[in-house]
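Visitor: here is a sequence together with a model predicted from it:
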Amino acid sequence: MNTTVSDVEIKGATKQFGSNIVLDAIDLEVKQGELLTLLGPSGCGKSTTLNLIAGFLEADQGDVYIKGKKVTKVPPYKRDLGMVFQTYSLFPHMTVYENLNFGLKLRKISKAEQKEKIDRVLALVKMSGLEHRYPRELSGGQRQRVAIARALVVEPELLLLDEPLSNLDAKLRHELRLEIKRLQKEIGVTTIFVTHDQEEALSLSDRVVVMNAGKIEQISTPTSIYKHPKTEFVFQFIGKSNSFEGAVVAIDSQKISVKAGEEIVVVDYDNIIGEDRDISSGDEVKLYIRPENIHIASTRETSAPLELHPATITQMNYLGTSWEIDVSLIGKSLQVLTNDYDSSWREGREVFVGWNPSDLKLIKKE
Ligand SMILES: Nc1ncnc2c1ncn2[C@@H]1O[C@H](COP(=O)(O)OP(=O)(O)OP(=O)(O)O)[C@@H](O)[C@H]1O
């Protein structure tokens with residue numbers, strides 16, 4: 001077997017609805033056994049991409065390959081897929097067992113084999129013993145487990161999940177997310193997961209595809225997407241960020257000095273985001289920093305060797321395990337996220353904030 005062949009490949013796919021270009025010449029490869037997430041804001045084309053892979057939609061241009069075979073014209077039922085949707089989509093008049101057996105009955109296997117497969121998959125999703133219940137007798141989380149079991153019982157080549165957790169409450173969503181991750185690794189089935197929830201994507205995936213307005217902005221591992229965003233969109237979409245504007249005043253081979261308000265801020269040259277890395281003195285730029293990368297201290301000494309700037313606390317918000325603290329730095333509001341909290345801090349108190357130049361990102365303004 002040629003192991004270099006991707007399990008799924010999309011080449012130059014374009015899809016248009018009326019005058020709306022929903023996918024704009026996208027290329028995508030999904031490796032064997034990986035869990036790949038399509039992440040992006042509502043309407044960016046995630047479900048359309050999944051539907052091209054499933055065969056519910058056909059691209060206007062471009063092709064889809066599964067296991068190296070062109071399937072552009074192959075109908076969904078011949079693509080050997082398991083699918084789970086946002087709504088539970090179980091047959092309400094059938095028990096859990098009958099729901100799971102629905103796909104198996106079409107195969108020429110004995111009743112004993114059917115039962116064996118159903119028992120195995122129910123154990124995998126921790127639903128053993130509930131096979132005689134009807135969907136209405138199950139909680140939302142249990143129904144989604146059955147939907148996942150039903151997709152897996154036919155042992156598909158590919159598992160496609162379209163926002164399967166978005167109808168569940170936060171706790172269940174978190175629980176089931178971990179289960180999907182465990183299950184996927186246990187079975188090793190190549191999986192494509194659609195979500196607009198960045199935390200879900202980062203915690204689940206081997207690789208994340210960030211989409212925006214019908215285009216792919218970046219495909220990388222979760223840590224690389226978070227720490228090394230390639231575009232301004234990715235940086236802003238993933239996680240929180242503070243931004244401020246300034247003008248370049250000096251450059252050397254490693255550092256760029258930017259005057260932002262009255263402060264001179266130094267940024268590593270490697271931290272330029274975007275294609276345009278041709279920065280010169282006088283250029284207007286935007287600087288970004290994540291709230292967790294801003295150090296906050298009561299006195300100037302505490303966080304040396306960082307350069308610290310005086311700031312005033314304007315708001316404090318307790319998040320359970322950390323504090324979200326808004327500070328004003330020469331009239332500019334910055335959000336800080338910290339676990340290190342000084343009990344004397346309150347609104348109006350002067351503190352000192354600073355950051356590592358390697359944590360600042362710079363984008364040249366258009
Ligand atoms: N059958 C259709 N006819 C016309 N427009 C459509 C059709 N399906 C999708 N669209 C449009 O295509 C765009 C992309 O839709 P898609 O469902 O792929 O987005 P999405 O990223 O999955 O969004 P969401 O997170 O809201 O589900 C949207 O503007 C949507 O309105």
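Guide: Noted; the coordinates are in hand. Keep in mind it's a predicted model, so treat the numbers as computed, not measured. Residues are numbered from 1 along each chain as shown.
Visitor: let me see the ranges of the strands in the stretch 251-366 of the chain.
Guide: Per DSSP state E, counting those that start in this stretch, the stretch 251-366 of the chain carries strands over the ranges 255-260, 263-268, 284-289, 295-297, 309-318, 323-329, 332-338, 350-354, 361-364.
Visitor: can I get those strands in TSV with mean neighbour count?
Guide: Every C-beta, even on glycine, is put in place using the N, C-alpha and C of the backbone. Putting the strands of the stretch 251-366 of the chain into TSV (neighbours: other CB atoms under 10 Å) gives the following:
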stretch	mean neighbour count
strand 255-260	18
strand 263-268	17
strand 284-289	18
strand 295-297	20
strand 309-318	15
strand 323-329	19
strand 332-338	18
strand 350-354	18
strand 361-364	21
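Visitor: mind putting these in JSON lines, distance to residue 58 and mean pLDDT included?
Guide: Formatted as JSON lines, those follow (distance: least, CB to CB, whole Å; pLDDT from 0 to 100):
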{"stretch": "strand 255-260", "distance to residue 58": "47", "mean pLDDT": "90"}
{"stretch": "strand 263-268", "distance to residue 58": "46", "mean pLDDT": "85"}
{"stretch": "strand 284-289", "distance to residue 58": "40", "mean pLDDT": "92"}
{"stretch": "strand 295-297", "distance to residue 58": "53", "mean pLDDT": "92"}
{"stretch": "strand 309-318", "distance to residue 58": "49", "mean pLDDT": "93"}
{"stretch": "strand 323-329", "distance to residue 58": "47", "mean pLDDT": "94"}
{"stretch": "strand 332-338", "distance to residue 58": "45", "mean pLDDT": "92"}
{"stretch": "strand 350-354", "distance to residue 58": "54", "mean pLDDT": "92"}
{"stretch": "strand 361-364", "distance to residue 58": "38", "mean pLDDT": "90"}
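Visitor: from what I can see residue 15 touches residue 56, true?
Guide: No. Counting by CB atoms under 8 Å, residue 56 is not a contact partner of residue 15; they are 11.6 Å apart.
Visitor: which one's more surrounded, these two?
Guide: residue 15 (22 against 13; other CB atoms under 10 Å).
Visitor: hang on, the earlier thing: among the strands of the stretch 251-366 of the chain, which is nearest residue 134?
Guide: The minimum distance between residue 134 and these falls on strand 309-318, with 43.8 Å, by CB to CB.
Visitor: now do that closest one: distance to the chain's middle.
Guide: Taking CA atoms, centre = their mean, to the nearest Å, one finds strand 309-318 lying 30 Å from the centre of the chain it belongs to.
Visitor: who are the packing partners of the lowest-mean-pLDDT helix or strand in the chain?
Guide: Taking mean pLDDT, DSSP states H and E as the measure, the helix or strand of the chain with the lowest value is strand 263-268, at a mean of 85. Under the contact definition 3 or more CB pairs under 8 Å, 6 or more residues apart in numbering; DSSP states H and E, strand 263-268 sits against strand 255-260.
Visitor: let's see 10 Å
Guide: Other elements packing on strand 263-268 under the criterion 3 or more CB pairs under 10 Å, 6 or more residues apart in numbering; DSSP states H and E are strand 242-251, strand 255-260, strand 284-289, strand 361-364.
Visitor: so can I have a markdown table of the strands of the stretch 251-366 of the chain showing distance to residue 70?
Guide: Written out in a markdown table, the entries for the strands of the stretch 251-366 of the chain read as follows (distance: least, CB to CB, whole Å):
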| stretch | distance to residue 70 |
| --- | --- |
| strand 255-260 | 47 |
| strand 263-268 | 45 |
| strand 284-289 | 42 |
| strand 295-297 | 54 |
| strand 309-318 | 53 |
| strand 323-329 | 50 |
| strand 332-338 | 48 |
| strand 350-354 | 56 |
| strand 361-364 | 40 |
